[in-house]
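Student: Sequence and predicted structure are below.
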Amino acid sequence: MHDPASSRFGDSCLSPEPPAVHAKVLRDELVSAAEWVAQYLNELPQGPVSRPLPPQERSLLREGRLRQRGGEFDSVLDFVRNEIAPYPTGNGHPAFFAWINSPPAPAGIIAELLACAINATCGMGESALMDLERGTVRMLADLAGLPDGAGGVLTSGGSMANLLALATARTWFLTRRGSGTGPDFDRDHARLTLYYSAQAHMSVAKAAACIGLPAHRLRPVATDTHDRLDPAALRAAVTADLDEGLLPFCTVTTLGTTATGAVDPLEPATDLCRSVGMWHHADGAWGGLGAGVPALAPRYAGVGGVDSLTVDPHKTLSVPVGCGALLVPNPEHLHTAFAHQASYLTAGEPDALQWLSHATIELTRPGTRALGLWATLHHLGRDGVTGLIEHYLALADRLRERITAEPRLQLLAGGPWPVACFRITDPDGGDPDALHTRIARRVQDNRRAYLATVAVHDRTVLRAALCNYRTTTDDLELLIREVLHAADAEQSAAGTDQPPQHR
């Protein structure tokens, strides 16, 4: 009688059953996948920036129907090649300027594959990848300008890092007041108040909602003419709330705002936080590593004095998507907020290091973040990190120069981080905000370049962010041409008598 287990475990003459495959089959498919990846990345700049997913294809992907019998192992690559890769978001293309989404660094691609094969969790137990995460976090903290002894934890991105930061700040604040639990917790938690720049990323307000802060206790603080948080307005808001009997517990500054690339002043915010007993969190998802760049360093004075800092390596460093970080000068604050015990989880020897799950809400954590980050940093080195950021800054300067030199375009905002916000000069008639939305859509639909819109000073503007290491000045020229062509098309569609001015 045939033993069903023999084909899986005992009889080497029979094909192994899924999920197992023969070693040669796995090798051949890995080689094929590697060849396809290299070709895909090499040809990417020559293709369209984006391609809409046909409705019928979208429906098939969404159905999620699983066949009764398994499919062929070698069909996985075919599926990706034919059904997934042709319809990208666009952020791998050098003419993609819409969002702060970077292409994957080659070293990170290889590292993520290797980490998947090892498949160690970086949450519980001890593994080399967990210690590697501790080391790469230390590298990031050093690059960011935090003091010796700083630590932290890798996250899925800036949104999760900001959530962890606010939860840590709440625990720290209430514990210091002696109201970390019981009725005192309920009383004080109902008065907690959060402050952040009006230009802060939306993940800050979302994180506040996740830890139970209602919208009426969130304080978006006014910004100055350079889109930076106004320290005087912050102090006035905090003072007013203290007079009302509320509990200001945390201020969030932003290092590299999404809309315009502004950097909030750090030292005045820290001084205020120290004087009233607040936590100072800096959201540097995009711009958290600016302290090591000579052109940016003066704006980062005092970064070592913040209580926590978000950094997104998958933005600034092109680590593959899914790698953010929360950095803290005092890692014990994370352990106080998140360490929990269970009888089925013991940390081994009494003097063993805290598991990384004790510094976050995740227990199961992938090793891809640590190895992808380490490989990218290893390939770049400290000089390479600085050079990469300086490449983006130089491109942004060039783009702003081209916009300023073009009579039909007006530069409205941008910097110091690499972003340019601009508009068509004196559009003829109609709603200028709607016009710029349509121009952006036309550029996107033409698929040769891709940019988005954003609200700046209550006006809808075109926004181009520079975060692709493969972008060149030729791509900037292409973007300018595409915007002007789209403006001409809008002018023609409006039926104006004026001939197009772009040549």
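Tutor: Great, that's in hand.

Student: Would you map the strands across the stretch 51-200 of the chain?
Tutor: Under the criterion DSSP state E, counting those that start in this stretch, the stretch 51-200 of the chain contains strands at 151-155, 192-197.

Student: Among those strands, which comes closest to residue 359?
Tutor: Proximity to residue 359 (Cβ to Cβ) singles out strand 151-155 among the strands of the stretch 51-200 of the chain, at 4.4 Å. Quick note: C-beta positions are derived from backbone N, CA and C, even for glycine.

Student: Contacts for stretch 244-251 next, please.
Tutor: The contact list for stretch 244-251 (Cβ atoms under 8 Å, 6 or more residues apart in numbering) reads 166, 169-170, 173-174, 188, 191-196, 217, 234, 238, 241-242, 269, 272-273, 276, 278-281.

Student: who touches stretch 393-402?
Tutor: Applying Cβ under 8 Å, 6+ apart, the set of residues contacting stretch 393-402 from outside is 261, 293, 295-296, 411, 414-420, 464, 466, 471, 473, 476-477, 479-480.

Student: about what we covered before: give me the buried subset of the contacts of stretch 244-251.
Tutor: Among the contacts of stretch 244-251, the ones that count as buried by 16 or more other Cβ atoms under 10 Å are 166, 169-170, 173-174, 188, 192-196, 217, 234, 238, 241, 269, 272-273, 278-281.

Student: Next, count neighbours for residue 255.
Tutor: Residue 255 is flanked by 29 other residues according to other Cβ atoms under 10 Å.

Student: Roughly how far does it sit from residue 198?
Tutor: Taking Cβ to Cβ, to the nearest Å as the measure, residue 255 falls 16 Å from residue 198.

Student: that older thread, out of the contacts of stretch 393-402, which are inside helices?
Tutor: Among the contacts of stretch 393-402, the members falling in helices are 473, 476, 477, 479, 480 (criterion: DSSP state H).

Student: Including distance to residue 370 and neighbour count, could those residues go into TSV?
Tutor: Compiled in TSV, the ones in helices among the contacts of stretch 393-402 are given as follows (distance: Cβ to Cβ, whole Å; neighbours: other Cβ atoms under 10 Å):
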residue	distance to residue 370	neighbour count
473	35	12
476	35	25
477	39	13
479	36	25
480	40	20
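
Student: rewinding a little: the strands of the stretch 51-200 of the chain: which one's closest to residue 307?
Tutor: Taking Cβ to Cβ, strand 151-155 is the member of the strands of the stretch 51-200 of the chain nearest to residue 307, at 11.7 Å.

Student: For the closest one, which strands pair with it and how are they oriented?
Tutor: Partners of strand 151-155 in the sheet, by DSSP bridges, are strand 324-328 (antiparallel).

Student: quick one: contacts of the next helix-or-strand element following the partner strand?
Tutor: Next in sequence after strand 324-328, counting helices and strands by DSSP states H and E, comes helix 332-338. When contacts are defined by Cβ under 8 Å, 6+ apart, helix 332-338 is touched by residues 151-153, 164, 167-168, 170-172, 175, 307-308, 326, 328, 354, 357-361.

Student: Kindly recompute the last result at 10 Å.
Tutor: With contact meaning Cβ atoms under 10 Å, 6 or more residues apart in numbering, helix 332-338 is reached by 151-153, 164-165, 167-172, 175, 180, 279, 307-308, 326, 328, 330, 339, 354-362.

Student: Now, of those residues, which are buried?
Tutor: Neighbour counting with 16+ other Cβ under 10 Å marks 151-153, 164-165, 167-172, 180, 279, 307-308, 326, 328, 355-360, 362 as buried within those.

Student: All the helices of the stretch 201-350 of the chain, residue numbers only.
Tutor: Using DSSP state H, counting those that start in this stretch, the helices of the stretch 201-350 of the chain run over residues 202-210, 231-243, 266-276, 313-316, 332-338.

Student: Can you tell me how far the closest residue to residue 406 other than its chain neighbours is from residue 424?
Tutor: Closest residue to residue 406 apart from its sequence neighbours, by Cβ to Cβ, 6 or more residues apart in numbering: residue 480 at 6.5 Å. As judged by Cβ to Cβ, residue 480 and residue 424 stand 12 Å apart.

Student: try residue 492
Tutor: From residue 492 to residue 424 the distance is 14 Å (Cβ to Cβ).

Student: coming back round to it: for residue 222, find the nearest of the strands of the stretch 51-200 of the chain.
Tutor: strand 192-197 (8.6 Å).

Student: avg pLDDT for the one helix or strand residue 441 maps to?
Tutor: If you go by DSSP H and E, residue 441 is part of helix 432-446. If you average the pLDDT over helix 432-446, you get 95.

Student: buried stuff in that helix?
Tutor: For helix 432-446, burial by neighbour count (16+ other Cβ under 10 Å) applies to 432, 433, 435, 436, 438, 439, 440, 442, 443, 444.

Student: thinking again about what came up before, is it possible to export the strands of the stretch 51-200 of the chain to JSON lines including mean pLDDT?
Tutor: Listed next are the strands of the stretch 51-200 of the chain as JSON lines, based on pLDDT from 0 to 100:
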{"stretch": "strand 151-155", "mean pLDDT": "97"}
{"stretch": "strand 192-197", "mean pLDDT": "98"}
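
Student: In TSV, list these along with distance to residue 65.
Tutor: Below are the strands of the stretch 51-200 of the chain laid out as TSV (distance: least, Cβ to Cβ, whole Å):
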stretch	distance to residue 65
strand 151-155	33
strand 192-197	44
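
Student: wait, what's in contact with the residue lying closest to residue 85 once chain neighbours are set aside?
Tutor: Spatial nearest neighbour of residue 85, chain neighbours left out: residue 40 (6.2 Å); criterion: Cβ to Cβ, 6+ apart. Residue 40 makes contact with 47, 80, 81, 85, 88, 92, according to Cβ under 10 Å, 6+ apart.

Student: next one: residue 29
Tutor: 21, 73, 74, 76, 77.

Student: Roughly how far does the residue lying closest to the third one once chain neighbours are set aside sit from residue 115?
Tutor: Take residue 74 and drop its neighbours on the chain: the residue closest to it by Cβ to Cβ, 6+ apart is residue 29, 5.9 Å away. Residue 29 sits 18 Å away from residue 115, taking Cβ to Cβ as the criterion.

Student: try residue 251
Tutor: For residue 251, the distance to residue 115 equals 36 Å [Cβ to Cβ].
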